[in-house]
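Student: predicted model follows, preceded by the sequence.
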Amino acid sequence: MNKCERCGSNKVKVTLKMEEINIDLCTNCYDEFMSEEIEVDLEQLVETFSLKNYQGISRTFYVERRICPMGIYLEAVENIELRYDSNHAFLDM
Ligand SMILES: [Zn+2]
């Protein structure tokens, strides 16, 4: 399994292909790398949030962010047994 080349995390999500080298990064290190490259200051991201559905059942979502030159991609993923839902948005910068 590849490790993030900045922090050593096992959660590599992105491989940057740059000329003759590949760089494996986790989501957080990728965001830091991209914010440095395109000179955008990032605010701290809410990592999880919970809300109640129409039946009053609390549902918790995990938020991931990925920065690209065109904007910021946000994805909220609910990870529960036997079901996997996700919602995503693409925000202009
Ligand atoms: Zn990392």
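Tutor: Thanks, I have the structure now.
Student: go through stretch 46-62 and flag the buried ones.
Tutor: For stretch 46-62, the neighbour count (16 or more other CB atoms under 10 Å) marks F61 as buried. To be clear about C-beta, it is placed using only N, CA and C from the backbone, and glycine gets the same treatment.
Student: flag every residue of this protein that's near the ion.
Tutor: C4, R6, C7, S9, C26, C29 (CB under 5 Å from the ion).
Student: what sits against the fourth one?
Tutor: This points to S9. Contact analysis of S9 by CB atoms under 8 Å, 6 or more residues apart in numbering lists K3, C26, N28, C29.
Student: can we see that at 10 Å?
Tutor: K3, D24, L25, C26, T27, N28, C29 (CB atoms under 10 Å, 6 or more residues apart in numbering).
Student: now swap in the fifth one and tell me
Tutor: With contact taken as CB under 10 Å, 6+ apart, C26 is in contact with 3-14, 32.
Student: any of these buried? List them.
Tutor: Counted by 16+ other CB under 10 Å, the contacts of C26 give C4, E5, S9, V12, V14, E32 as buried.
Student: follow-up on the earlier one: which two from the contacts of C26 end up farthest apart in space?
Tutor: N10 and E32 (17.7 Å; CB to CB).
Student: now do stretch 80-93, average pLDDT.
Tutor: Averaged over stretch 80-93, pLDDT sits at 62.
Student: which secondary structure elements does the helix or strand containing D31 sit against?
Tutor: Using DSSP states H and E, D31 falls within helix 27-37. If contacts are counted by 3 or more CB pairs under 10 Å, 6 or more residues apart in numbering; DSSP states H and E, helix 27-37 sits against strand 12-18, strand 21-26, strand 58-68, strand 71-80.
Student: do you know the pLDDT at the closest residue to C29 other than its chain neighbours?
Tutor: The shortest distance from C29 to any non-neighbouring residue, by CB to CB, 6 or more residues apart in numbering, is to R6 (4.0 Å). Per-residue confidence (pLDDT) for R6: 93.
Student: please apply the same query to V12.
Tutor: Reported pLDDT for V12: 90.
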